[in-house]
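Q: Okay, sequence plus prediction incoming.
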Amino acid sequence: MSVYVSRDVWEYSKAKGSELLVLLAIADNANGETGIAWPSVGYIAKKTRLSERQVIRQIARLEEIGELSVKRNAGVNGVNHYRVTISKEEGVTFCQPVTHDTQRGDAHDTPGVTPTSPKPLENHQEEPSSSVRTTPKWEERFNRWYSTYPRKQAKGDAKKAWQKINPDDGLVAEMVAAVERQKLTHDWQKDGGKYIPLPATWLRAERWLDEVGDVAPSTAQRQPQQTEADPYWGQMLAGLEGEE
């Protein structure tokens, strides 16, 4: 648990309502040294009293406003890695892990030595010129979904199918949530994912509307380890299993 990340979310985040709840739940589980958090969607849903679909939507929204970075399938059993990326002030992104050196203020510096402030960040990126190609909105949404899809084949065909559907952000969030659920089913787990449909096939058949079968027991998502500062969550959330 990183109290520094949670503190900075409270002080500097522009998120409101459910978005802020989700961001706080993630920050509350951030590793104190790396700043990375990896709670499951189900865990965040329990902690925030939201449905898993609502959590997926809020995570997508937090990515859009630049307050959360997500590396999908980066952890064990395909769990996502999250990092809070709030801006304290315009042009400065932070929420990096706090080290022993950065915790010391000028008041704790060696007597007789003039304290110095950290060097300003160098290599600031310049504004992109008008000649730089920008990614179309439909392709940004496609890439968000495709990054979660476990079978990476016939991407061009999948893009064509995607453009015909042209989903908005809300539908993209539902599609991502559907893929996350289906990845845990027996059909998608057996024989090394042999029966996972091609991305284009999944899209054309509107497979995000499928009713998900039994989840493979070996892939059940693990809850992040409770910290000493977090025991009350277990009491408050007891009995919420299966409420969705």
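A: Okay, I see it. Residues are numbered from 1 along each chain as shown.
Q: quick one: the strands in the chain?
A: For the chain, the strands defined by DSSP state E cover 68-71, 81-84, 87-89, 92-93.
Q: Now the weakest link among those strands, please, by mean pLDDT.
A: Of all these, mean pLDDT reaches its minimum on strand 92-93 (a mean of 46).
Q: Flag the helix or strand of the chain with the lowest per-element mean pLDDT.
A: The weakest-scoring helix or strand in the chain, judged by mean pLDDT, DSSP states H and E, is helix 100-103 (a mean of 42).
Q: For the chain, give me the ranges with low pLDDT.
A: Residue ranges of the chain with pLDDT under 70: 1-3, 76-77, 88-133, 213-244.
Q: Break it down into its structural domains.
A: The record's domain parsing of the chain by automatic domain parsing lists 1-99, 135-217.
Q: winner for burial among those?
A: Ranked by mean neighbour count, the domains of the chain are led by domain 1-99 with a mean of 18 (mean count of other C-beta atoms under 10 Å). (Glycine included, C-beta is placed from N, CA and C.)
Q: the helices in the protein, which residues?
A: In the chain, the segments counted as helices under DSSP state H are 3-12, 17-28, 41-48, 52-64, 100-103, 137-146, 155-165, 169-182, 186-189, 199-204, 231-237.
Q: among those helices, which is nearest residue 71?
A: Taking C-beta to C-beta, helix 52-64 is the member of the helices of the chain nearest to residue 71, at 11.2 Å.
Q: can you pull the contacts of residue 73?
A: 79-80, 147-148, 150 (C-beta atoms under 8 Å, 6 or more residues apart in numbering).
Q: what do you get for residue 153?
A: The contact partners of residue 153, by C-beta under 8 Å, 6+ apart, come to 198-199.
Q: Phi and psi next, for it.
A: phi -140, psi 150 (degrees, to the nearest 10).
Q: Report the separation between it and residue 146.
A: According to C-beta to C-beta, to the nearest Å, residue 153 stands 11 Å off from residue 146.
Q: same deal with residue 62?
A: 20 Å.
Q: Kindly report the same for residue 186.
A: Per C-beta to C-beta, residue 186 is found 24 Å from residue 146.
Q: Please tabulate the contacts of residue 73 in JSON lines, including the columns distance to residue 203.
A: What follows is the contacts of residue 73, written out as JSON lines (distance: C-beta to C-beta, whole Å):
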{"residue": "79", "distance to residue 203": "24"}
{"residue": "80", "distance to residue 203": "22"}
{"residue": "147", "distance to residue 203": "15"}
{"residue": "148", "distance to residue 203": "13"}
{"residue": "150", "distance to residue 203": "14"}
